[in-house]
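**Q** Build me a structure from this.
(2 chains)
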Amino acid sequence: MNEPNRKLITRTLTGLNPALESVLAGILGLIVGAILMYIWGYNPWKAYWALFRGAYGDSYGIASSIARGVPLVLTALTFSIGVRAGMFNIGAEGQVYMGALAAVTVGYFTLPPGLHLIVGLIFAMLAGAAWSLIPAILKITRGVSEVISTIMFNWIGHFLAFYLVANVLVDPLRGQRTIAVPPSARFPILIRGTDLSYSVFAAVAFALVIYFLLWHTATGYEVRAAGLNPTAAKYGGIKSKRTMLLSFILGGFGAGLAGATIVMGNPPTYAVISGLPQIANAGFDGMAVAMVGRNHPIGILIAAVFFGGLTAGGRTMQITAGVPLEMVRVVEGVIVLTMSIPELVRIFRIIRRGIQKILRREAT
Amino acid sequence: MTYFWGILFISLHAMVPITLTAVGEVVGETGGLFNIGLEGILLLSAFTGALGAESAGPTVGLLVGMGTGALVGLLFSVINTYWKGTQMITGIGINLFAMGFVAFGLIVLGAPGFHAVPAESRLAAIHTPVGTLSPIIFVALVIPFLVHWFLNRTRAGLILKAVGENPEAADVAGINVNLTRLLATTFGGVLAGLAGAYISVSWIGSVTKGISAGRGFIALATVVFSGLNPLLALLGGFIFGFFESLATWIQNLAGSKAIPWQFVAMIPYVVTLLVVAGVIGRVRFPKALGEPYKRE
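**A** Okay, here's the model as predicted:
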């Protein structure tokens, strides 16, 4: 084999390493899911076949997989911005609730189409950021672990959302749900007959903004430096309190926006329903997406289509194979568990070294 | 007076899962592992404990819960000692898995979202003139003292502290750092498993997909409050149990409609946040907490 070719292959394998790990974690998650289904008397082949057909089998499936992935991109970014800044911000869940509820308040006034939508998005982003502010302040001023404070805020947000849906934002005519987002503030449907709306562009745009901000600006460099090595960053003159606050607020924007995309971009209800069925777990699922997407905006976009597919296909699985949708979260959990093991890298290094050895032998 | 006994008894019952989980985590964190998967362990063992109790009686149920906790604790600690994992991510994975597994399991059992443990499978309560008490309350009152003695008065306890404080030095002194951490965190899993099984087999008597209700995280907050002192973890568990029972009590009061129930339900979480914000800075944690140990 000639020299440039060999280099290319080696480099491709090196570059693919993180992606391969994500794929391996995905496969492992599906295998454990299959074993559990088998134990509990379901047919895993039938289930996964239904899931795959439902998720990617036709254009409707693909559109709805992407639609399910839209909020996940945004909540994944919330988690990832935190990780990049050296923190575990688990607060996306509560911030999504606040974002969604802030977004429906646009139903109380009228504005020209377009502007109405933008005002709703701004409301939602501000609400998401506001809900992350107290954990941020507690972390910065008192050193309170963001893991504990954001989780307590998720619970407080859970009950606050129940209260707001039932007592404040309630639709007086229908009850059991909030007032609806009016048509002038909704994301138009992108592909007719599906629930994929223009909200997908909001998610992609936010991902690109975060990518640009973190990797191509001085502030972003500071955030990442503080995350990689807080001590060194401090000696380098980086104000870690400022970068922490910034990452909390950016994360809140993402999660708030996620709430907005759910209520402003998902037919048919355009309102928050009592019990929060559409918005619950968007924050938790986002953490799995972030892990598989390697905490990188581009990786997250790809991972979100996979996890969106699990949810969209999970519905088909539930209907045609009778396997409860909850199986999807079992698979997710195993995937995240697997992603926490850096030894996976070593397994791939061993394989790579083996391939390199073979290539070298061929070269001589 | 009946109010006093009522609130005290509910507080003691609510104290048990938080105290047991927190004391187990005190042991784990002393060794240097931070397990945020405790919530998942509570949820899983509440489910498996109920199944065990229904097939072979309440004692077996509690043992199955402890076994579940041991298994998950073992998995967590193998990943985060020998395999050098990221503790936070492993914990998040365990919690996600537990949410899916229990919700799925409840559907398989027949009734989505809710499963009641029949009275004959529940642990018999101790009757007193002013109410009933679960025997596990006494276990939860004794274990903190045993753990306190273990950590401060035994050689093994000292070794555990050394491993959490300075794993390099412990390693040089011939201590097996990874094995010590693994045992400590698995023990923490066993106590969390007992706590989970207690919820379904003894205290509440049912399993829902949200039965753990954030108690795993409140236990983590209790550990922060305790500064790794098991006796303070017992006190912290009682304080959080008290506020939980206060919330239950206010909700059950006639004429409490003035305060929406949602705000009452927030009380335990708000109190947790306030307590953690109040005590932090005063407490000191092991230097190597949360860091995987790698030999240079």
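
**Q** ok, residue B:41 - contacts?
**A** B:21, B:68-69, B:72-73, B:94, B:98, B:189, B:192-193, B:196, B:216 (CB atoms under 8 Å, 6 or more residues apart in numbering or on different chains). Placement of C-beta: from N, CA and C, glycine included.

**Q** Over to residue B:268?
**A** Shown in contact with residue B:268 (CB under 8 Å, 6+ apart): B:214, B:218, B:240, B:243-244, B:247.

**Q** out of these, who has the most neighbours?
**A** residue B:218 (33 neighbours; other CB atoms under 10 Å in any protein chain shown).

**Q** what's the pLDDT at that one?
**A** At residue B:218, the model reports a pLDDT of 92.

**Q** What ranges does chain B have for its helices?
**A** For chain B, applying DSSP state H gives helices covering B:2-31, B:38-56, B:58-80, B:87-108, B:136-153, B:155-165, B:167-172, B:177-197, B:215-226, B:230-252, B:261-279.

**Q** Let me have the ones you listed in TSV, extended by distance to residue A:227.
**A** Formatted as TSV, the helices of chain B follow (distance: least, CB to CB, whole Å):
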stretch	distance to residue A:227
helix B:2-31	23
helix B:38-56	25
helix B:58-80	20
helix B:87-108	13
helix B:136-153	34
helix B:155-165	24
helix B:167-172	24
helix B:177-197	25
helix B:215-226	22
helix B:230-252	31
helix B:261-279	23
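
**Q** and of those, who's closest to residue A:221?
**A** helix B:87-108 (23.8 Å; CB to CB).

**Q** Is that closest one positioned near chain A?
**A** Yes: counting by CB under 8 Å from any CB of the partner chain, chain A is contacted by helix B:87-108 at B:87-90, B:92-101, B:103-105, B:107-108.

**Q** Filter those residues down to the buried ones.
**A** For the residues of helix B:87-108 next to chain A, a neighbour count by 16 or more other CB atoms under 10 Å in any protein chain shown gives the buried set as B:87-90, B:92-101, B:103-105, B:107-108.

**Q** show me what contacts residue 33?
**A** Defaulting to chain A. Applying CB under 8 Å, 6+ apart, we find residue A:33 in contact with A:44, A:327, A:330-331, A:334.

**Q** that's the wrong chain, I wanted chain B
**A** Contacts for residue B:33 were tallied using CB under 8 Å, 6+ apart; they are B:76-77, B:80-81, B:87, B:181, B:184-185, B:289-290.

**Q** filter the contacts of residue A:33 by proximity to chain B?
**A** The residues of the contacts of residue A:33 that also fall near chain B, by CB under 8 Å from any CB, are A:327, A:330-331, A:334.

**Q** nearest spatial neighbour of residue A:120, skipping sequence neighbours?
**A** In this structure, residue A:120 finds its nearest non-sequential neighbour in residue A:106, 4.1 Å apart by CB to CB, 6 or more residues apart in numbering or on different chains.

**Q** so the one you found, which of the three states?
**A** At residue A:106, secondary structure determined by DSSP: H, G, I helix; E, B strand; the rest coil is helix.

**Q** Am I right that it is in contact with residue A:115?
**A** No: using CB atoms under 8 Å, residue A:106 is not in contact with residue A:115, being 10.3 Å away.

**Q** With neighbour numbers in mind, choose between these two.
**A** Between residue A:106 and residue A:115, counting by other CB under 10 Å, residue A:106 is the more crowded of the two (27 against 11).

**Q** confidence score at residue B:272?
**A** For residue B:272, the pLDDT comes out at 89.

**Q** and the gap between it and chain A?
**A** 5 Å (CB to the nearest CB, to the nearest Å).

**Q** how many neighbours does the closest residue to that residue other than its chain neighbours have?
**A** The shortest distance from residue B:272 to any residue other than its chain neighbours is 4.7 Å, reached at residue B:221 (CB to CB, 6+ apart). Residues contacting residue B:221 under the criterion other CB under 10 Å number 29.

**Q** try the one 5 residues further on
**A** Residue B:226 is flanked by 25 other residues according to other CB under 10 Å.

**Q** hang on, isn't it packed against residue B:26?
**A** Yes: the pair residue B:226 / residue B:26 is scored as a contact, 6.3 Å apart, by CB under 8 Å.

**Q** tell me, what's touching those two both at once?
**A** Counting by CB under 8 Å, 6+ apart, the shared contacts of residue B:226 and residue B:26 are residue B:233.

**Q** any idea of the pLDDT on residue 131?
**A** By default, I'm working from chain A. What the model reports as pLDDT for residue A:131 is 97.

**Q** switch to chain B, that's the one I care about
**A** pLDDT at residue B:131 comes out at 82.

**Q** what about it, how many residues close to it?
**A** Number of residues near residue B:131 (other CB under 10 Å) recorded here: 16.

**Q** for it, which residues make a bridge with it?
**A** Here residue B:131 sits in beta bridges with residue B:128, going by DSSP bridges.

**Q** avg pLDDT for the helix or strand residue A:151 falls within?
**A** Assigned by DSSP states H and E, residue A:151 belongs to helix A:146-163. Confidence for helix A:146-163, expressed as mean pLDDT, is 93.

**Q** ok, now which ones touch residue 243?
**A** Just going to use chain A. Contact partners of residue A:243, counting by CB under 8 Å, 6+ apart, are A:85, A:219, A:222-223, A:226-227, A:233.

**Q** oops, I was thinking of chain B
**A** Each residue near residue B:243 by CB under 8 Å, 6+ apart is listed here: B:267-268, B:271.

**Q** Out of these, which is nearest to residue A:246?
**A** residue B:271 (29.7 Å).

**Q** hang on, the earlier thing: okay, the ones next to chain B among the contacts of residue A:33 in CSV with secondary structure and neighbour count next?
**A** Shown next, in CSV, are the ones next to chain B among the contacts of residue A:33 (DSSP: H, G, I helix; E, B strand; the rest coil; neighbours: other CB atoms under 10 Å in any protein chain shown):
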residue, secondary structure, neighbour count
A:327, helix, 29
A:330, helix, 25
A:331, helix, 27
A:334, helix, 26
